[in-house]
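Visitor: Provided below are the primary sequence and the corresponding predicted coordinates.
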Amino acid sequence: MADEPVKPDAGHSPAGEPAEQRALDRPWRIWATVIVVVALSMGALLGLVIIPMGQRENSGISMGHAMRRAAGLEPGSPAVRQPLSTATSLPVSQVSWDPEIMQILAAGNTVRGAALAKQTCAACHGDNGISQTNFPSLAGQSPYAIYKQLHDYRTGARAHPQMTGVAKALQPRDLAAVSAYFADASKEYAALGLRDYVGEDFIDKLAREGDSRRRIPACLSCHVNGSGGPIETPVITGQSKEYILTQLNAYADGTRKNDVYGRMRDVARKLTPAERAELARYFEGTI
């Protein structure tokens, strides 16, 4: 005789759960769902409607803007009036190192560079690029540093009563040729980079090691030939102390702003006026 199928107990579900237990669980599931939905709704109502409604007047915006800010759909806080800046943007360096310019800078003392230097630069910077005044000496300077500053004068990132007009009158290729000429001129003269450092111990340490406590990097980590710093960093050893101090003070008070990423403005502001003056004298050096 074939086995008869076992009929499920009338008091149990097919899965074996008691029917009455399943009936008892159903209301709890419904209530739990209702509680979660109500809590989420109240949180959304409180965070996206009620609180922004009370805050919008302080920020001077509409209810719609306050709600969108609270939801993260618009920038700004629904509780704070967003400041409106009327300041004009400040020029920054627009120099670029394209292959043609790099080739000219690497060419050294070219006939065109020498001719342009004699015509436009010698009156202020000296026949051989060694200035006897408060104008900076250029002989022995990095060609990239000279070109960067000339380009900044040309684009308005740096301003000077005489240099702005001179740089705008020349094309980038001409600026590069002049830069290469002066960079190569140190082979015959005691030019930039060929002087000793002279200063008090604390200034020597500041120049060589910096000040980690104030987050001031060492000057010599960038401002000397072959240091491996940014390509446009100038050599300052042998430059006149008057010129160095003038530039440090200009960076410190923000009147000069063409330093990439604001590096020099940050450093100069951390230095005391006395330290800026002592560093200028230190880097002027002696032959």
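Guide: Done, it's in.

Visitor: can you list the domain ranges for this structure.
Guide: Domain ranges of the chain: 31-78, 99-187, 201-284, per automatic domain parsing.

Visitor: now, of these, which is deepest in the fold?
Guide: Mean neighbours per residue, mean count of other CB atoms under 10 Å, is largest over the domains of the chain for domain 99-187, with a mean of 19. To be clear about C-beta, it is placed using only N, CA and C from the backbone, and glycine gets the same treatment.

Visitor: Turn the domains of the chain into a markdown table, columns for mean pLDDT and distance to residue 195.
Guide: Supplementary listing: those in a markdown table, determined by pLDDT from 0 to 100; distance: least, CB to CB, whole Å:
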| stretch | mean pLDDT | distance to residue 195 |
| --- | --- | --- |
| domain 31-78 | 77 | 53 |
| domain 99-187 | 92 | 10 |
| domain 201-284 | 94 | 4 |
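
Visitor: want to try JSON lines for those domains, with distance to residue 193 as columns?
Guide: JSON lines is the format used below for the domains of the chain (distance: least, CB to CB, whole Å):
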{"stretch": "domain 31-78", "distance to residue 193": "49"}
{"stretch": "domain 99-187", "distance to residue 193": "5"}
{"stretch": "domain 201-284", "distance to residue 193": "5"}
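
Visitor: Confirm that residue 269 lies within a helix, as I assumed.
Guide: Yes: the assignment for residue 269 is a helix, going by DSSP: H, G, I helix; E, B strand; the rest coil.

Visitor: Let's verify the closest residue to it other than its chain neighbours: helix, strand, or coil?
Guide: Of all residues not flanking residue 269 in the chain, residue 252 sits nearest, at 5.2 Å (CB to CB, 6 or more residues apart in numbering). When classified by three-state DSSP, residue 252 comes out as helix.

Visitor: So residue 252 is in contact with residue 268, correct?
Guide: Yes: with contact defined as CB atoms under 8 Å, residue 252 counts as touching residue 268 (3.9 Å).

Visitor: shared neighbours of these two, anything?
Guide: Common neighbours of residue 252 and residue 268, counting by CB atoms under 8 Å, 6 or more residues apart in numbering, are residue 276.

Visitor: what about the helices in the chain?
Guide: Ranges of helices in the chain, per DSSP state H, are 19-45, 51-59, 63-70, 99-106, 111-120, 122-125, 143-155, 163-168, 172-184, 201-209, 241-253, 263-270, 273-284.

Visitor: Next, format those helices as CSV and append distance to residue 134.
Guide: Output for the helices of the chain, formatted as CSV (distance: least, CB to CB, whole Å):
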stretch, distance to residue 134
helix 19-45, 67
helix 51-59, 52
helix 63-70, 54
helix 99-106, 26
helix 111-120, 19
helix 122-125, 10
helix 143-155, 16
helix 163-168, 13
helix 172-184, 18
helix 201-209, 21
helix 241-253, 5
helix 263-270, 19
helix 273-284, 12
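
Visitor: Quick one: closest of those helices to residue 136.
Guide: helix 241-253 (5.0 Å; CB to CB).

Visitor: What are the contacting residues of that closest one?
Guide: Taking CB under 8 Å, 6+ apart as the rule, helix 241-253 contacts 134-136, 236, 256, 259, 264-265, 267-269, 271, 273, 276-277, 279-281, 283-284.

Visitor: OK, contacts around residue 237?
Guide: 192-195, 197, 223-224, 283, 285.

Visitor: biggest separation within those, which pair?
Guide: Based on CB to CB, the longest span within the contacts of residue 237 runs between 194 and 223 and measures 14.2 Å.

Visitor: Contact partners for the closest residue to residue 53 other than its chain neighbours?
Guide: Computed as CB to CB, 6+ apart, the closest residue to residue 53 that is not its neighbour in sequence is residue 63, at 6.4 Å. Neighbour list for residue 63: 52-53, 56 [criterion: CB under 8 Å, 6+ apart].

Visitor: Dump the residues you listed to JSON lines, plus distance to residue 175.
Guide: Formatted as JSON lines, the contacts of residue 63 follow (distance: CB to CB, whole Å):
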{"residue": "52", "distance to residue 175": "55"}
{"residue": "53", "distance to residue 175": "60"}
{"residue": "56", "distance to residue 175": "54"}
